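Participant: Using only what follows, build the 3D model:
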Amino acid sequence: MMINGGLEVSDELLGTVAPIVVYWLYSGIYVLLGSLENYRLHTKKDEDEKNLVSKKDVVKGVLLQQAVQAVVATILFAVTGSDTDSAQSQQTSFFVLARQLLVAMMVLDTWQYFMHRYMHHNKFLYRHIHSQHHRLVVPYAFGALYNHPVEGLLLDTIGGALSFLISGMSPRASIFFFSFATLKTVDDHCGLWLPGNLFHIFFGNNSAYHDIHHQLYGNKYNFSQPFFVMWDRILGTYMPYSLEKRSKGGFEARPGKDCKEN
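Facilitator: Numbering: from 1, shown residues only. Next comes the predicted model:
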């Protein structure tokens, strides 16, 4: 892929680096928007007081996971082939690309649902691995990938590799898929309910839906991530919610009837 009309960067390198850059840029936007109390699902005070891990440790944990992902992506691209793609990617029809992206979304959702659910029901795995992510009682954007390294490898890295391999997408297509999946994951943890958010319009799995899961009463529900709520509905782990305004500003996701965005 050509950048600025002269510098050529391989699709494999972009497929490795782009999701990391997207993660921090998109998270940064939400950090700036975090002062908008009228759109928060929890108050800023709750974010500072209820979470059981410092933001410094969260950043360190995310960077470790992204380093592992970069190594695995480099190996995966090296094993599956070289950058043949310029011609090959250009020949891929829109319908083939759409099919590949949909298959990748379904594979990632399926893998993450069952692995995520198992980590909640296996007491050893929850206590020693998955509970690290739930130190964020009040989720925020750049904590989306704050996990135990083993969980990061199993859920995100291996899940991403499987979605890439099974869908048959090219390295170039993977740039867009993994960047999009990163945006969606960050958005689900942003702790905000902003008007006109396209993710809330097109996906039932959103920041309020996932916030329910991070609360004690929703700990065994709403396992689906990052795209659809299909598996929760099919297997009885779907917890509907209502989005209600707090008296002092902002919103609160409460167990109850489904609601649409205000």
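Participant: Please count neighbours and contacts with C-alpha atoms only from this point.
Facilitator: OK.
Participant: low pLDDT regions in this protein?
Facilitator: Residue ranges of the chain with pLDDT under 70: 1-7, 82-91, 257-262.
Participant: tell me which element the residue sitting nearest the centre point of it is part of?
Facilitator: Closest to where the C-alpha atoms of the chain average out (CA atoms, centre = their mean) is residue 185, at 1.9 Å. Using DSSP states H and E, residue 185 falls within helix 171-188.
Participant: Mind giving me the packing neighbours of that helix?
Facilitator: Using 3 or more CA pairs under 8 Å, 6 or more residues apart in numbering; DSSP states H and E, the elements in contact with helix 171-188 are helix 11-33, helix 85-91, helix 207-214.
Participant: on that earlier part again, so what's the residue nearest to the centre of the chain up against?
Facilitator: For residue 185, the contact set (CA atoms under 8 Å, 6 or more residues apart in numbering) comprises 144, 225, 226.
Participant: how does it look with 6 Å?
Facilitator: Contacts for residue 185 (CA atoms under 6 Å, 6 or more residues apart in numbering) come out as residue 226.
Participant: I'd like the numbering to begin with 484 instead of 1 from here.
Facilitator: New numbering, starting at 484: the last item is residue 668.
Participant: what separates it from residue 703, distance-wise?
Facilitator: Distance of residue 668 to residue 703, given as CA to CA, to the nearest Å: 19 Å.
Participant: repeat for residue 564
Facilitator: According to CA to CA, residue 564 and residue 703 sit 41 Å apart.
Participant: Neighbour count for the two, which is higher?
Facilitator: When residue 564 is set against residue 703 and neighbours are counted by other CA atoms under 10 Å, the residue ahead is residue 703, at 17 against 12.
Participant: Check the secondary structure at that one for me.
Facilitator: coil (DSSP: H, G, I helix; E, B strand; the rest coil).
Participant: Tell me how far it lies from residue 688.
Facilitator: Distance of residue 703 to residue 688, given as CA to CA: 16 Å.
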